[in-house]
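Undergrad: Need a 3D model of the following:
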Amino acid sequence: MSFLRRHLLLAAAATAFGLATNVYAADPAKTNLTLGATAGYNYDVLKLAIAPQLEKEGYKVRLVEFNDYVQPNMALAQGALDANLFQHIAYLNRFKEDQKLDLTDLVQSTTAPMGVYSESITSLADLPDGARVTLPNDPSNLARALQLLVQQKLITVKADADPLRVSERDVEQNSKNLKFVPIEAAQLPRTLGDAAIAIVPGNFATSAGLKFTSALALEVPPVNYQQVVAVRAADVDTPWAKDIKQAFGTPYFKEVLDKEFPGYTRPAALQ
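TA: Residues are numbered from 1 along each chain as shown. This next block holds a predicted model:
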């Protein structure tokens, strides 16, 4: 299908870790799983931490990479995917409501924090008056980016604004007269040469080679902004869905996070 960015059939391969054996045996009614994720760390979490466990239990896992925030849910709803990993619960809930899709969250994953990046300044205190600020154009991550600016005391928003749906219209005080330029999230790292600051979701920051240590500010994501695996609501209690869920809580999963994803926010089950 045209929305599938890249297919990768993962073979069972040797890894640097000993795989945990407490994932269920493969569901005999469904041994082929197709999992989708956005480019960057979400895809890598599936590739390094989840697919090897499922394959050890007898599943054949195909990973599909996406570069936007719309097609992964549409592909899931249409049956092209069995599960996806790219979004937080706030985005999932709003998207499925707006699109009338019967999707649900299955399990929490690790989360890369949204960050403020710049090539022209080294501190937000140096942000000039009228600075151009690029930020995500999807409503949920736009709200998240504006809340990060609130945390950094660069703007204020209306007291009665829904924190999960804040937009530019809700900005009340903007003492530096910042100029907000919403951009497709995947393109935000490319705006660093033109914008004073870019507010980039963690997955697109890491896929572009940006380091969390170079960010001028990082969020501490609340539960509503932590990444989740989504499935169709009708599949949530299937054996294969339970296998996916359990794979996100094993010692092997934690070992991979420790080695490959230091500094990321951990799922509550691993706290």
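
Undergrad: what's the domain layout of this structure?
TA: Taking the TED database as the reference, the chain has its domains at 32-111+224-270, 115-220.

Undergrad: Just name the most buried of those.
TA: Stretch with highest mean neighbour count among the domains of the chain: domain 32-111+224-270 (a mean of 20; mean count of other C-beta atoms under 10 Å). Where you see a C-beta, it was placed from the backbone N, CA and C, and this is true even at glycine.

Undergrad: before we move on, the earlier item: as TSV, the domains of the chain with mean pLDDT would be great.
TA: Formatted as TSV, these follow (pLDDT from 0 to 100):
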stretch	mean pLDDT
domain 32-111+224-270	95
domain 115-220	94
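
Undergrad: Distance to residue 26 for those - can I get that in TSV?
TA: Formatted as TSV, these follow (distance: least, C-beta to C-beta, whole Å):
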stretch	distance to residue 26
domain 32-111+224-270	3
domain 115-220	29
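
Undergrad: how about residue 199, secondary structure?
TA: The three-state assignment at residue 199 reads strand, by DSSP: H, G, I helix; E, B strand; the rest coil.

Undergrad: again, but for residue 30
TA: For residue 30, the assignment made with three-state DSSP gives coil.

Undergrad: Does it touch residue 238 like I think?
TA: Yes. Using C-beta atoms under 8 Å, residue 30 is in contact with residue 238, at 7.3 Å.

Undergrad: Settle this for me: residue 204 is touching residue 191, isn't it.
TA: No. If you go by C-beta under 8 Å, residue 204 and residue 191 don't touch, sitting 11.3 Å apart.

Undergrad: hang on, residue 209 is in a helix, isn't it?
TA: No. Assigned with three-state DSSP, residue 209 falls outside any helix and is coil.

Undergrad: Please report how far it lies from residue 45.
TA: From residue 209 across to residue 45, the span is 18 Å (C-beta to C-beta, to the nearest Å).

Undergrad: Likewise for residue 103?
TA: Separation of residue 103 from residue 45 (C-beta to C-beta) stands at 19 Å.

Undergrad: Where does residue 182 sit, in terms of helix or strand?
TA: Assigned by DSSP states H and E, residue 182 belongs to strand 179-183.

Undergrad: Is residue 133 located within a helix, as I assumed?
TA: No. Read with three-state DSSP, residue 133 is strand and lies in no helix.

Undergrad: Any idea what residue 62 is bridged to?
TA: Counting by DSSP bridges, residue 62 forms beta bridges with residue 9, residue 34.

Undergrad: So residue 146 sits against residue 157, correct?
TA: Yes. In this structure, residue 146 is within contact of residue 157 by C-beta under 8 Å, at 6.5 Å.

Undergrad: Now the common contact residues for these two.
TA: Residues touching both residue 146 and residue 157 (C-beta atoms under 8 Å, 6 or more residues apart in numbering) are 166, 170-171.
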